[in-house]
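J.: sequence? don't have it. structure:
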Ligand SMILES: [Zn+2]
Ligand SMILES: [Zn+2]
């Protein structure tokens, strides 16, 4: 028998607000900004639930997808078109952040699964570029944001003759360079704060990553203006290592995963991959 993983996507719309009742209005505003509004604000949430289990040798399935849809869909339906803070009991004492909502989904879905099928990951997108993941590890969650920067490069190796460079890199060896809108998805792994419901506040993650990208990469010709590439080709395999090293300085041990998209057709990762 072999272990299989299946992911099913669900969507729901809901509103929520962030507000710590033991703080005054000013402190709430300072931490949560406009998200403290008592009327809430809304999202089109996307929920990806990954299940794992042995592949049944007779049916060839981990779990029948129509059963997945029925069981998890019933849970998701309870969240659809609600104001999470007031319509659902789970958020009376915890902030309905993406991290906490993912954790609540895990707790609600887990007992409903048939024998031999387990949750692997709950991933919740609040927007296309922001998402949280919960893996069932106590209060720990992963929080991710997608960033975009623009840069140019020429692929060229000093270890190869000109003719070999043209052969290996093709059009990418054009000596005048060419450019991309690179996308970087940066993930941090931390315990969920019991008061704010967040791993790392979005603003803090944004500031740290944007500072790095602006100073080191935005608008640059990588192979000529970034010293790191003076002795190595400015490929995405090398670029993601440069980004990882730079972000380790900013985010320390909380940095969990980086994905780098050069175009819509290719993306790159580095280090040990834990979950995919
Ligand atoms: Zn929100
Ligand atoms: Zn390129």
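T.: Perfect, thanks for sending it. On a predicted model such as this, the values are computed, not experimentally measured, just so you know. Ligands and ions are numbered 1, 2, ... in the order given.
J.: When you work out contacts or count neighbours from here on, use the C-alpha atoms and nothing else.
T.: OK.
J.: right, and residue 38 touches residue 20 too?
T.: No: contact criterion Cα atoms under 8 Å: residue 38 and residue 20 do not qualify, at 11.8 Å.
J.: Which residue is the nearest non-sequential neighbour of residue 219?
T.: In this structure, residue 219 finds its nearest non-sequential neighbour in residue 151, 4.9 Å apart by Cα to Cα, 6 or more residues apart in numbering.
J.: beta partners of the one you found?
T.: On the basis of DSSP bridges, residue 151 is bridged to residue 180.
J.: what's the domain layout of this protein?
T.: For the chain, automatic domain parsing gives the domain ranges 1-136, 143-276.
J.: Make TSV from these and add mean neighbour count and mean pLDDT to it.
T.: What follows is those, written out as TSV (neighbours: other Cα atoms under 10 Å; pLDDT from 0 to 100):
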stretch	mean neighbour count	mean pLDDT
domain 1-136	17	96
domain 143-276	16	94
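J.: now the strands for the stretch 51-200 of the chain?
T.: Counting by DSSP state E, counting those that start in this stretch, one finds strands in the stretch 51-200 of the chain at the ranges 82-83, 117-127, 130-134, 140-153, 178-191.
J.: any chance of these in TSV, with distance to residue 167 too?
T.: Shown next, in TSV, are the strands of the stretch 51-200 of the chain (distance: least, Cα to Cα, whole Å):
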stretch	distance to residue 167
strand 82-83	58
strand 117-127	42
strand 130-134	40
strand 140-153	17
strand 178-191	17
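J.: Residue 235 is nearest to which of those strands?
T.: Of all those, it is strand 140-153 that lies closest to residue 235, at 8.4 Å by Cα to Cα.
J.: Okay, angle between that closest one and strand 117-127 too, please.
T.: Here the directions of strand 140-153 and strand 117-127 differ by 50 degrees (axes from the mean of the first three to the mean of the last three Cα atoms, to 10 degrees).
J.: now the angle between strand 130-134 and strand 140-153, please.
T.: Going by the same axes, to 10 degrees, strand 140-153 makes 140 degrees with strand 130-134.
J.: hang on, the earlier thing: of all the strands of the stretch 51-200 of the chain, which one is nearest residue 160?
T.: strand 140-153 (17.3 Å).
J.: Which strands or helices does the closest one pack on?
T.: Counting contacts by 3 or more Cα pairs under 8 Å, 6 or more residues apart in numbering; DSSP states H and E, strand 140-153 packs against helix 98-109, strand 130-134, strand 178-191, helix 202-216, helix 222-225.
J.: how about 7 Å then?
T.: The helices and strands touching strand 140-153, judged by 3 or more Cα pairs under 7 Å, 6 or more residues apart in numbering; DSSP states H and E, are strand 130-134, strand 178-191, helix 222-225.
J.: Present the ones you listed as TSV; the columns should include distance to residue 158.
T.: Below are the helices and strands packed on strand 140-153 laid out as TSV (distance: least, Cα to Cα, whole Å):
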stretch	distance to residue 158
strand 130-134	39
strand 178-191	19
helix 222-225	12
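J.: Which residues are in contact with the residue nearest to residue 219?
T.: The contact partners of residue 151, by Cα atoms under 7 Å, 6 or more residues apart in numbering, come to 179, 180, 181, 217, 218, 219, 220, 221, 222.
J.: Which of these sits closest to residue 252?
T.: In terms of Cα to Cα, no member of the contacts of residue 151 lies closer to residue 252 than residue 217, at 19.8 Å.
J.: Correct me if wrong, but residue 257 is in a strand.
T.: Yes: when DSSP: H, G, I helix; E, B strand; the rest coil is applied, residue 257 is found to be in a strand.
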